[in-house]
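sequence isn't available, so here's the structure alone:
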């Protein structure tokens, strides 16, 4: 399987995982609402409502744990995959790949942590903050060469 096909397959898998993650968060919100309703009813009918409340809270706790596990797996797969394809081009290739394809998935701390092994913290923070100053149209249009030119001031 060539690297472009592998990249596309991974992107499709990652999108499916992220969709599942969003759905799981929605179910977790529904469980929280049920839990709140049961808490209100437990004052009126202690025996049945308390047992249901405990069961729903346990299910919600287990479900939240599964959601966090999925999120960690998504983050790990994304970083592992990006590093694999960027290794030949070094840090610049890794940065270009992330800037062009994945920035919407990072907050500033996640970005700094992701680049920790490859780039100093100050440079990572500066890149993150200045990335969002680039117009959305430019971010979508720029090719690898344009991203490389933009990155020169930070590396």
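Nice, thanks for sending it over. These numbers come from a predicted model, not from an experiment. Numbers count the residues shown, from 1 in each chain.

and for residue 95, the neighbour number?
26 (other Cβ atoms under 10 Å). For the C-beta atoms, the positions are set from N, CA and C on the backbone; glycine is no exception.

quick one: what helix or strand has it in it?
helix 90-101 (DSSP states H and E).

buried ones in the helix or strand just after that helix, by neighbour count?
Where DSSP H and E defines the elements, the next helix or strand beyond helix 90-101 is helix 108-115. Buried residues in helix 108-115, counted by 16 or more other Cβ atoms under 10 Å: 111, 112, 114, 115.

tell me what the helix or strand following helix 108-115 is packed against?
Remark: after helix 108-115, the chain's next helix or strand is helix 121-131, criterion DSSP H and E. Using 3 or more Cβ pairs under 8 Å, 6 or more residues apart in numbering; DSSP states H and E as the contact test, the elements touching helix 121-131 are helix 90-101, helix 108-115.

tell me the mean pLDDT over helix 121-131?
For helix 121-131, mean pLDDT is 93.

so it versus helix 108-115, what angle?
Regarding helix 121-131 and helix 108-115, their directions subtend 130 degrees when assessed with axes from the mean of the first three to the mean of the last three Cα atoms, to 10 degrees.

neighbouring contacts of helix 121-131?
For helix 121-131, the surrounding residues in contact (Cβ atoms under 8 Å, 6 or more residues apart in numbering) are 95, 99, 103, 106, 108, 111-112, 115-116, 119, 139, 151, 154-155.

out of those, which is nearest to residue 132?
Checking the contacts of helix 121-131 against residue 132 with Cβ to Cβ, the nearest one is residue 103 at 8.1 Å.

contacting residues for the closest one?
111, 131, 139.

residue contacts, the last one?
Residues in contact with residue 139, defined by Cβ under 8 Å, 6+ apart, are 99, 103, 131.

gap between the closest residue in space to residue 118 that isn't next to it in sequence and residue 67?
Spatially, and ignoring its direct neighbours in sequence, residue 118 is nearest to residue 91 (4.7 Å; Cβ to Cβ, 6 or more residues apart in numbering). Computed as Cβ to Cβ, to the nearest Å, the residue 91 to residue 67 distance reads 32 Å.

next: residue 56.
Distance from residue 56 to residue 67, by Cβ to Cβ: 16 Å.

could you do residue 101 as well?
24 Å.

between these two, which is the more surrounded one?
Per other Cβ under 10 Å, whichever of residue 101 and residue 67 has more neighbours is residue 67, with 17 against 13.
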